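Visitor: sharing a sequence plus its predicted fold:
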Amino acid sequence: MDVALQIVLVLVGLALAIGASDVAVGYTRAIAAAVNAPAFLVGVVLVSVGTDLPEIANSVAAHVQDEADVNVGDSVGSTLTQYTFVLGLFPIVVAMIAVSRRQVGLVTALTAGGLGLTAIVTADGYLGRIDGLLLVGSWLLAIVIVARLVGGGEVDDPPEVRVSGIPRQVAVLFVALGVVGLGATVAVRALVELAEKVGVPEFILAFFGASMGTSAPEIAVDLTALSRGSPGIALGDALGSSLVDATLSIGVGPIVAPAAVTARLAVVASLYALAAVVFVGSLLAWRRRHDWWSAAGCLAAYLLAYVVVISAE
């Protein structure tokens with residue numbers, strides 16, 4: 001009966017996330033059009049924070065409970081998942097998406113830098129407040145760089161939404177993203193309960209299981225954006241969420257409560273995620289498009305992580 005309940009919770013949580021994502025995408029496009037901002041930039045700077053609320057909340061909760069492995073495993077795993085698995089799903093909705101070398105190359109470099117910093121600060125087996133501040137500060141710096149250097153992308157035509165005025169639209173957007181996060185959190189907790197029954201190690205469980213669940217908002221929002229004709233928001237959110245996970249998400253937890261982390265697993269996972277991010281980003285920038293061929297490369301990089309990270313356990 002307990003297993004059946006967890007399966008029901010997974011399905012209900014995902015349904016809630018998918019429904020709210022439709023609202024979130026509509027208001028994101030409206031805001032982007034109102035401020036004449038490229039859809040990609042809005043996805044990187046604004047939507048990514050909203051869809052990463054589950055990882056950010058998990059980071060704080062994990063450190064309060066002295067479980068930094070859950071924070072690092074989930075956040076680094078989410079970075080990998082979004083750059084590989086989530087992007088690998090895009091051609092299911094849109095067969096080919098045009099890619100800007102400047103946009104993808106810049107966010108890829110910043111995300112790789114965040115993962116490199118994560119590998120450095122976790123190498124001693126402890127995440128302290130200074131480490132957290134460095135990671136959060138690196139995200140703030142990255143956002144300033146992206147906002148200054150990324151431009152010239154597609155601007156959506158204003159979609160019809162019920163609420164007018166940018167401040168109110170932003171409020172509705174974050175409420176919708178909060179509901180997406182709530183649904184995803186319900187789903188991921190149910191998945192964790194199911195996985196724990198088979199005795200999976202905590203870091204491995206967080207890296208593969210929890211990260212897939214906390215990436216559910218990105219999957220829901222990004223695939224909805226693609227189906228609504230806004231590939232810029234979808235691509236910006238997928239890449240921007242990875243940047244958030246590699247920096248802000250990991251850093252928030254230790255600022256609240258420092259904790260020990262399994263250094264070997266954290267470093268190996270961070271370095272593999274870094275290599276995968278560079279591989280995927282370079283592939284997209286080189287080809288200037290995302291289609292089934294690049295999707296195959298994304299999914300291959302995701303599957304290889306199982307071999308690399310589990311071997312390090």
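Guide: Noted; the coordinates are in hand.

Visitor: ranges for the strands of the stretch 151-300 of the chain?
Guide: Using DSSP state E, counting those that start in this stretch, the strands found in the stretch 151-300 of the chain span residues 259-260, 289-290.

Visitor: let me have these in a markdown table, extended by mean neighbour count and distance to residue 120.
Guide: Glycine gets a C-beta too; all of them are placed from N, C-alpha and C. Conversion of those to a markdown table gives the following (neighbours: other CB atoms under 10 Å; distance: least, CB to CB, whole Å):
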| stretch | mean neighbour count | distance to residue 120 |
| --- | --- | --- |
| strand 259-260 | 17 | 16 |
| strand 289-290 | 19 | 31 |
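
Visitor: make TSV from those strands and add distance to residue 4 to it.
Guide: Shown next, in TSV, are those (distance: least, CB to CB, whole Å):
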stretch	distance to residue 4
strand 259-260	34
strand 289-290	38
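
Visitor: average pLDDT across stretch 226-235?
Guide: Here stretch 226-235 scores 87 as its mean pLDDT.

Visitor: now the strands of the stretch 151-300 of the chain in JSON lines, with mean pLDDT?
Guide: Supplementary listing: these in JSON lines, determined by pLDDT from 0 to 100:
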{"stretch": "strand 259-260", "mean pLDDT": "93"}
{"stretch": "strand 289-290", "mean pLDDT": "95"}
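
Visitor: out of the ones you listed, flag the one nearest residue 176.
Guide: Closest of the strands of the stretch 151-300 of the chain to residue 176 is strand 289-290, at 25.8 Å (criterion: CB to CB).

Visitor: please name every helix or strand in contact with that closest one.
Guide: Contacts of strand 289-290 with other secondary structure elements, assessed using 3 or more CB pairs under 8 Å, 6 or more residues apart in numbering; DSSP states H and E, are made with helix 87-93, strand 97-98.

Visitor: in the first one, what counts as buried?
Guide: Of all the residues in helix 87-93, those buried under the rule 16 or more other CB atoms under 10 Å are 87, 88, 89, 90, 91, 93.

Visitor: could the helices and strands packed on strand 289-290 go into JSON lines alongside mean pLDDT and distance to residue 228?
Guide: Rendered in JSON lines, the data for these read as follows (pLDDT from 0 to 100; distance: least, CB to CB, whole Å):
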{"stretch": "helix 87-93", "mean pLDDT": "94", "distance to residue 228": "10"}
{"stretch": "strand 97-98", "mean pLDDT": "92", "distance to residue 228": "14"}
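
Visitor: between those, which one is closest to residue 125.
Guide: For the helices and strands packed on strand 289-290, distance to residue 125 was read as CB to CB. The smallest value, 31.9 Å, belongs to helix 87-93.

Visitor: got JSON lines for the helices and strands packed on strand 289-290, with distance to residue 67 too?
Guide: Listed next are the helices and strands packed on strand 289-290 as JSON lines, based on distance: least, CB to CB, whole Å:
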{"stretch": "helix 87-93", "distance to residue 67": "29"}
{"stretch": "strand 97-98", "distance to residue 67": "38"}
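
Visitor: these: which one's closest to residue 36?
Guide: Shortest separation from residue 36 across those is recorded for strand 97-98, at 20.0 Å, computed as CB to CB.

Visitor: quick one: list the elements packing against the helix or strand just after the closest one.
Guide: The element immediately downstream of strand 97-98 (helix or strand, assigned by DSSP states H and E) is helix 101-122. Where contact means 3+ CB pairs under 8 Å, 6+ apart, helix 101-122 is packed against helix 68-81, helix 129-149, helix 231-244, helix 263-287.

Visitor: okay if I get those as a markdown table plus mean neighbour count and distance to residue 11?
Guide: Written out in a markdown table, the entries for the helices and strands packed on helix 101-122 read as follows (neighbours: other CB under 10 Å; distance: least, CB to CB, whole Å):
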| stretch | mean neighbour count | distance to residue 11 |
| --- | --- | --- |
| helix 68-81 | 30 | 20 |
| helix 129-149 | 16 | 33 |
| helix 231-244 | 30 | 23 |
| helix 263-287 | 21 | 29 |
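
Visitor: closest one to residue 122 among the ones you listed?
Guide: Closest approach to residue 122 among the helices and strands packed on helix 101-122 is made by helix 263-287 (3.8 Å; CB to CB).

Visitor: which strand or helix spans residue 50?
Guide: With the criterion set as DSSP H and E, the secondary-structure element containing residue 50 is helix 48-51.

Visitor: and residue 116, how close does it get to residue 76?
Guide: Counting by CB to CB, to the nearest Å, the gap from residue 116 to residue 76 is 12 Å.

Visitor: so what's residue 48 up against?
Guide: By CB atoms under 8 Å, 6 or more residues apart in numbering, the residues touching residue 48 are 236, 237, 239, 240, 241, 243, 244.
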